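K.L.:
turn this into a structure:
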Amino acid sequence: MTDTAQPVSLPTPSRRPQDEPPAHLEPGATDWTALIARLNELLRLRTTPVGMKMFATVEEMEAVPRIRRPNAIHTTDQIVAQAARLGFTMGITNDDLVGPQCGVVIGLHPRDEQWLSGDRMAGVWFADQEDSSRHQHSMDAVEYGQYQAMAVSPLTSGRLDPPDVALIYATPAQSILMINGLQWSGYKKFEWSCVGESSCADSWGRALSTREPSLSIPCYAERRYGGVLEDELLLALPPEYLPGMIDGLQALSGNGLRYPIPQYGIQSDARAGLGVSYG
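P.N.:
From the prediction side, this is the model:
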């Protein structure tokens with residue numbers, strides 16, 4: 001037998017059409033500590049979920065309580081890591097970033113002709129400049145000119161209330177369950193892309209620019225400079241999706257579909273295990 005059980009009776013959640021996103025969260029309306037406690041109870045995350053918020057002015061960013069400013073030049077991956085791995089609340093401008101590749105993704109540097117040419121990555125990540133330029137053109141990024149600064153902070157701090165996106169590092173097993181939680185009510189097929197190197201464009205770049213949940217395989221730079229562990233994926237999503245996702249995870253857990261996923265055995269008769277879940 002497996003650890004799964006017969007489905008339990010749950011209240012019918014309010015449903016929304018597939019293409020209708022959840023309502024935006026209002027400042028002060030969310031108990032972030034309680035919300036993340038529920039998520040951790042269900043998934044046992046190893047890495048702190050964080051929020052990212054864009055600011056129209058530097059002054060607005062610097063007004064965030066207990067904000068830290070970097071004293072060195074970093075990648076955006078390192079800034080995110082200082083929130084996710086160390087619990088810091090970090091604020092940056094484009095001047096704090098090592099180059100335009102990081103700044104473009106969060107809308108702090110323009111997608112100008114030099115950047116789009118891909119000249120810096122040709123022969124490093126791609127065979128020639130034509131392929132490198134195709135890569136640059138394919139990246140999801142925030143439109144330039146709206147913001148001057150960005151901040152990241154653990155969601156439980158409540159200092160970015162609400163953030164523009166939540167970032168959750170998780171194992172593949174935890175990641176698929178979060179996707180299942182998102183699909184529990186108001187089902188939608190998720191389709192994501194992979195640009196390869198600079199995959200922050202697939203996570204926070206895409207989530208910030210499209211307001212849709214976005215899963216990525218963190219790239220070489222994220223793992224080398226951002227401390228992303230070898231078995232971690234990254235789910236970036238607007239925070240209004242979190243309550244429904246966690247409700248979905250709770251419902252799945254009530255059906256015995258929970259983390260950690262117990263292995264049934266690759267040579268066992270599958271009918272007994274499936275029978276527990278499906279009758």
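K.L.:
make it CA atoms for all contacts and neighbour counts henceforth
P.N.:
Fine.
K.L.:
tabulate the CA atom coordinates of the least confident helix or strand in the chain by mean pLDDT in PDB.
P.N.:
Within the chain, confidence by mean pLDDT, DSSP states H and E is lowest for helix 270-278 among all helices and strands, at a mean of 89. Extracted C-alpha coordinates of helix 270-278, given in PDB (Å, rounded to 0.1, in the frame of the first residue of the first chain):
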ATOM      1  CA  ALA A 270       0.400  -0.700  -9.400                       C
ATOM      2  CA  ARG A 271      -3.300  -1.600  -9.000                       C
ATOM      3  CA  ALA A 272      -3.300  -1.700  -5.300                       C
ATOM      4  CA  GLY A 273      -1.600   1.700  -4.900                       C
ATOM      5  CA  LEU A 274      -3.700   3.400  -7.600                       C
ATOM      6  CA  GLY A 275      -6.800   1.800  -6.100                       C
ATOM      7  CA  VAL A 276      -6.300   3.800  -2.800                       C
ATOM      8  CA  SER A 277      -6.400   7.100  -4.700                       C
ATOM      9  CA  TYR A 278      -8.900   6.400  -7.400                       C
END
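K.L.:
from the chain's centroid, how far away is that helix?
P.N.:
33 Å (Cα atoms, centre = their mean, to the nearest Å).
K.L.:
got it, and stretch 229-237?
P.N.:
That offset, for stretch 229-237, works out to 7 Å (Cα atoms, centre = their mean).
K.L.:
over to stretch 81-92?
P.N.:
In terms of Cα atoms, centre = their mean, the centre of stretch 81-92 is found 15 Å from the chain centre.
K.L.:
cool, and stretch 67-83?
P.N.:
Distance, centroid of stretch 67-83 to centroid of chain: 17 Å (Cα atoms, centre = their mean).
K.L.:
then stretch 216-236?
P.N.:
The answer for stretch 216-236 is 11 Å, by Cα atoms, centre = their mean.
K.L.:
same deal with stretch 115-124?
P.N.:
26 Å.
K.L.:
span of it from start to end?
P.N.:
Taking Cα to Cα, to the nearest Å, the first and last residues of stretch 115-124 lie 15 Å apart.
K.L.:
before we move on, what about stretch 190-199?
P.N.:
End residues of stretch 190-199 are separated by 17 Å (Cα to Cα).
K.L.:
repeat that for stretch 260-268.
P.N.:
Using Cα to Cα, the two ends of stretch 260-268 sit 19 Å apart.
K.L.:
got the buried residues for that stretch?
P.N.:
Buried positions in stretch 260-268, judged by neighbour count with 16 or more other Cα atoms under 10 Å: none.
K.L.:
rewinding a little: return the set of buried residues in the least confident helix or strand of the chain.
P.N.:
Quick answer for helix 270-278 (16+ other Cα under 10 Å): 273, 276-277.
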